[in-house]
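Novice: Generate a structure from the sequence data that follows.
(one chain, ligands or ions: 1)
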Amino acid sequence: MTKLYFGGDYNPEQWSPEVWKEDVALMRQAGVNLVTVGVFAWSSLEPEPGRYEFGWLDQVMDLLHEGGVQVDLATPTASPPPWFGLRHPDALPVNASGVRLTHGSRDTYCACAPAYREAAVGIAKALGERYAEHPALAMWHVHNEYGTTCHCDHAAAAFRRWLQHRYGELDRLNAAWTTAFWSQGYADWEEIQPPRTTQYLVNPTQALDFRRFWSDELLEAFREQKAVLRGLTPKLPITTNFVFGGWVPVDHSRWGSEVDLVAIDHYPGSAGRGAEEQTAFGADLARSWAGGKSWLLMEQAAGSVNDGHRLHTKEPGRMARHSLSHLARGSRGALFFQWRASRGGAEMFHSAMVPHAGPDSRRFREIAEFGTALPRLAELDGSEVEAEVAILWDAEAWWVMQATHLPSEDLDYLTAVQAAHRQFWTAGIGVDLAGPGADLSAYRVVVVPSLYLVSDAAAESIARYVEGGGHLLVTYFSGIVDQDAQVRLGGYPGAFRDVLGIRVEEFHPVAEVELASGGRGGLWSEHVHLAGAEAVDRYAGGVLDGSPAITRHEYGEGVAWYVSTQLDDAGYGELVGQVVRGAGVAQPGLPAGVEVVRRKAEQVTWTVLINHSEEDVAIPVTGFELLSGVEVVSPLRLAAGAQAVVRA
Ligand code: GAL
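Specialist: Numbers count the residues shown, from 1 in each chain. As a prediction, the model looks like this:
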C-alpha cells in the first residue's frame, strides 16, 4: 500500500442511480479513494432466502472503479434481513432477562446460533464469488463492530463448552469462581448458565468468563468468514472495524493479529479538549492493537462529536485536526461514517461527508480540502511513532472492573487510563499503550493505571522491568486480584507489594482528600505502610492524616512509584514530570493545547504539530513542511487551529 486512504462508509442502497453518479463525481472532487460498501445491505442483496440481487452492486462497483475509487467490500452480517428472524426465531438474541428481541434495529442475532453462522458464511461466500475478480475490490470488511452478545440457550451451550476447555475439571471452575460463596457449587456442567438476570449480585468471575467467552466466540465467527474470503481472494487484505465501548466484550489486543490491517471506529464521548485527548488515546490504542504497525481509522464523524446527550458540531478545522492526530499516530488514512447523510432511518441526523445541505456546505469544502491535501502526507506511512513511555491497557481488567459491588461505584478503569494518557498528551510526550505481559524493556517509563486484575505472569514481567532499570508508576487500586478475580491476600496491592516496597492495609474511598504538599486527590485513598519505599507525599487531615499517599522505591536497577489516590490533573502532571525527569525522558515544553507527535524512519524524522488552542504559537522546529510544501526555519509560526508536518 503506497497511499493514504480517504473516504468512508458508502451506502448506495439508500439512493437512486442518479445520485450514485453524483456521488462518484463528488468523491473525485474530494480526493476519496476508498469506500466501504454494503455494511448493512443484506436485505438489498438477498431479499428472500437464497435469491440474490447483485445487479445494483455490480453497477455501483463499476461506477466506483471508473471513478478511480477502490472498494472495501463489507459482508453485511451485522444486520440480517427480517426474513431471517422469522425463519429462524431461535437465532434472534435473548437478553440477560430472558427477553427475546425482535427485528427492527440492527445487530439482532445470536452469533452462537447455528442458523446465523451458516447464513453469515453463506452471504460472505456469495459476495466473495461474485466480486473476487472485480477490479474495484481492494479489501474485505467483515461484519461491523463485533461485540453483540446474547444469553440464549445456544449461547449457554457454547459457554459451557468454552468453560470445559478453560477449566477441564468442574472442581477447578468451582474453585476459580469461589462457588462456595452463596451456595453456588456446581455438580454438573449442565447446571451452569450465562450470567442471566438473577435475584441479587452476579458472581463476578462468572461474569468475567462470559465476556472472555464472547470474545473468543465472536473471533471464531470472524475466522469462519475470513477463511471463505481468503480462499476466494488470497491476496486481498481482510479486516473488521474494531469498536471501543464499555459494552464490547472483544479483546482487540488478541484480535489484532487475526486481521490483516487493524481498523478502528472512533467517536469521542466528550466535546471540547476532551475530544482531542480521546482522539489521541484511541489512536495510540489502535497502534498497540496493531503491534506498533500502521492501522486504519475506518470510521469517525465528519461533523460532530457526541457527548452522549447531544451532538456538538465540529468547528472549522476540527475534523482535519482530529484526522491528522490519527494519521500522526499511525493511521493509514482517514475514513468516515458516512459518505452521504441519510434522508431517513435511525441515524439520519448523524453527520456525513456530504451533509443534508449538499456539497455547497462548509462540511463538504473542509472534507475536499483535507482529502486533496492528504497525498502530501503519504511519506509518513511506514515510519515509526516515537514513544519512550508505555501505559498498560488490558481489556480483561476493564471488564472485571465493571462488576457491581466494588469498593466504590466511581472506580472506572477507562477514566484512570485516560487520565494517565492525558498527562503525557498535555506534556507532549509520546506514549504507546501496551498489554500486560508485553516486552517493556524498550521503554524508559511504564505507567500502570488502576490495573485491578493482573496475572502472575504479567506482574512478574513488570517487576523484571523495574529490576532491569525501568521507571514504573503504579496508580491506586492496582494488582488487587488474580486472573480468577480473587483477592491476592496479605495486603494490597498483592501483585506489586515487593516492587513498590509498600503494603496497603485498607481502602478509604473518599470524595476529596488533601495532601501535605498542598496537592489534592479525590475518589479514593488507601492506608499505605512503607516496606522499603520512601514517602514522597502524605495525606493531610482525615483518618489517614500523616500516612503515605505517594511513594518511591528503588528496586534492582530501577525505581517504582505508587500513588494511592486519584490526583487532580495539576498534581498528576507534576508527578509525571518528576517520574519522567528521573528516567531521562525529554520534555518538549510546548505551548498549552499544541499536540505533537514524532515519527522516524532510518535517516529522517517528522514532527507533526497540531495547534488545538485559540492562540497563534511559535515552535522551535526547522525543516520541510509537507502540507504547504515550503522550507520552514525555526521558529515555526503556527496559527490558532493550524497544523504542520515538518520533515528533518
Ligand atoms: C458506528 C457504526 C456505524 C454508525 C456509526 C454512527 O459505530 O459502525 O454503522 O452507526 O457508529 O456513529
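Novice: Now do the helix ranked longest in the chain: which elements does it pack against?
Specialist: The longest helix of the chain (DSSP state H) is helix 204-232. Applying 3 or more Cβ pairs under 8 Å, 6 or more residues apart in numbering; DSSP states H and E, one finds that helix 204-232 contacts helix 114-131, helix 153-167, strand 238-239, helix 252-255, helix 395-400. No exception for glycine: its C-beta is placed from N, CA and C like everyone else's.
Novice: neighbouring contacts of the last one?
Specialist: Yep, that's helix 395-400 we're talking about. 204, 207-208, 211-212, 215, 246, 249-253, 413-414, 436, 450-454, 481, 483, 485 (Cβ atoms under 8 Å, 6 or more residues apart in numbering).
Novice: Please name the residues that touch the residue nearest in space to the middle of the chain.
Specialist: The chain has Phe244 as the residue nearest its centroid, 4.4 Å off, counting by Cα atoms, centre = their mean. Phe244 makes contacts with His252, Ile264, Asp265, His266, Gly282, Leu285, as judged by Cβ under 8 Å, 6+ apart.
Novice: and what of Val39?
Specialist: Each residue near Val39 by Cβ under 8 Å, 6+ apart is listed here: Asp9, Asn11, Ala74, Pro76, Ala78, His141, Asn144.
Novice: and the longest helix of the chain, how far from the chain's centre?
Specialist: Averaging C-alpha positions (Cα atoms, centre = their mean, to the nearest Å) puts helix 204-232 17 Å from its chain's average.
Novice: buried set for it?
Specialist: Buried residues in helix 204-232, counted by 16 or more other Cβ atoms under 10 Å: 204-219, 221-222, 225-226, 228-230, 232.
Novice: Quick one: the helices in the stretch 1-150 of the chain, in order.
Specialist: 17-30, 42-45, 55-66, 82-87, 114-131 (DSSP state H, counting those that start in this stretch).
Novice: Out of those helices, which is closest to Glu595?
Specialist: Of all the helices of the stretch 1-150 of the chain, helix 17-30 sits nearest to Glu595, with 24.9 Å by Cβ to Cβ.
Novice: could you say what helices and strands that closest one packs with?
Specialist: Contacts defined by 3+ Cβ pairs under 8 Å, 6+ apart place helix 17-30 against strand 5-10, helix 55-66, helix 362-373.
Novice: returning to what we had before: any chance of CSV for the helices and strands packed on helix 204-232, columns distance to the ligand, mean neighbour count and mean pLDDT?
Specialist: Below are the helices and strands packed on helix 204-232 laid out as CSV (distance: least, Cβ to the nearest ligand atom, whole Å; neighbours: other Cβ atoms under 10 Å; pLDDT from 0 to 100):
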stretch, distance to the ligand, mean neighbour count, mean pLDDT
helix 114-131, 17, 19, 98
helix 153-167, 23, 17, 98
strand 238-239, 13, 20, 98
helix 252-255, 14, 20, 96
helix 395-400, 18, 22, 97
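Novice: can I get the ones you listed in CSV with distance to His326?
Specialist: Converted to CSV, those look like this (distance: least, Cβ to Cβ, whole Å):
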stretch, distance to His326
helix 114-131, 28
helix 153-167, 35
strand 238-239, 16
helix 252-255, 16
helix 395-400, 21
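Novice: returning to what we had before: quick check, nearest of the contacts of Phe244 to the ligand?
Specialist: The ligand lies nearest to Asp265 out of those, by Cβ to the nearest ligand atom, at 4.8 Å.
Novice: Next, give phi and psi for the spatially closest residue to the closest one that is not a sequence neighbour.
Specialist: Nearest-residue entry for Asp265: Glu299, 3.8 Å, with adjacent residues in sequence omitted and distances by Cβ to Cβ, 6 or more residues apart in numbering. Per-residue torsions, Glu299: phi -140, psi 140 (degrees, to the nearest 10).
Novice: Enumerate the residues of the stretch 1-150 of the chain near the ligand.
Specialist: Contact residues, the stretch 1-150 of the chain versus the ligand (Cβ under 6 Å from any ligand atom): Asn144, Glu145.
Novice: Quick one: low-confidence residue ranges for the stretch 1-150 of the chain.
Specialist: 1-2 (pLDDT under 70).
Novice: what about 90?
Specialist: 1-3 (pLDDT under 90).
Novice: ok, and the helix or strand in the chain with the lowest average confidence?
Specialist: The weakest-scoring helix or strand in the chain, judged by mean pLDDT, DSSP states H and E, is strand 304-306 (a mean of 87).
Novice: Pull out the buried residues from stretch 101-111.
Specialist: Across stretch 101-111, burial judged by 16+ other Cβ under 10 Å covers Leu101, His103, Arg106, Asp107, Thr108, Tyr109, Cys110, Ala111.
Novice: Let me see the contact set for the fifth one.
Specialist: By that I understand Thr108. Contacts of Thr108 by Cβ under 8 Å, 6+ apart are Ser79, Pro80, Gly85, Leu92, Pro93, Leu101, Thr102.
Novice: Pull the residues that contact stretch 449-456.
Specialist: Residues outside stretch 449-456 that contact it (Cβ under 8 Å, 6+ apart) are 391-392, 394, 396-397, 400-401, 406, 411, 413, 416-417, 419-420, 436-437, 462, 474-483, 485, 495.
Novice: Quick check: strands, which of these are part of them?
Specialist: By the criterion of DSSP state E, membership of those in strands covers Ile391, Leu392, Val474, Thr475.
Novice: Make CSV out of those and add pLDDT, neighbour count and distance to the ligand.
Specialist: Converted to CSV, these look like this (pLDDT from 0 to 100; neighbours: other Cβ atoms under 10 Å; distance: Cβ to the nearest ligand atom, whole Å):
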residue, pLDDT, neighbour count, distance to the ligand
Ile391, 98, 26, 24
Leu392, 98, 27, 26
Val474, 99, 27, 33
Thr475, 98, 24, 30
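Novice: which one of those residues is nearest Asp171?
Specialist: Closest approach between the ones in strands among the contacts of stretch 449-456 and Asp171, by Cβ to Cβ: Leu392, at 32.4 Å.
Novice: For the closest one, give the beta-bridge partners.
Specialist: Here Leu392 sits in beta bridges with Ala434, going by DSSP bridges.
Novice: from what I can see it touches Val431, true?
Specialist: No: judged on Cβ atoms under 8 Å, Leu392 makes no contact with Val431 at a distance of 10.8 Å.
Novice: intersection of neighbour lists for those two?
Specialist: Common contacts of Leu392 and Val431, defined by Cβ under 8 Å, 6+ apart, comprise Val447.
Novice: Sketch out the low-pLDDT regions of the stretch 301-450 of the chain for me.
Specialist: Ranges of the stretch 301-450 of the chain meeting pLDDT under 90: 305-309, 382, 403-404, 437.
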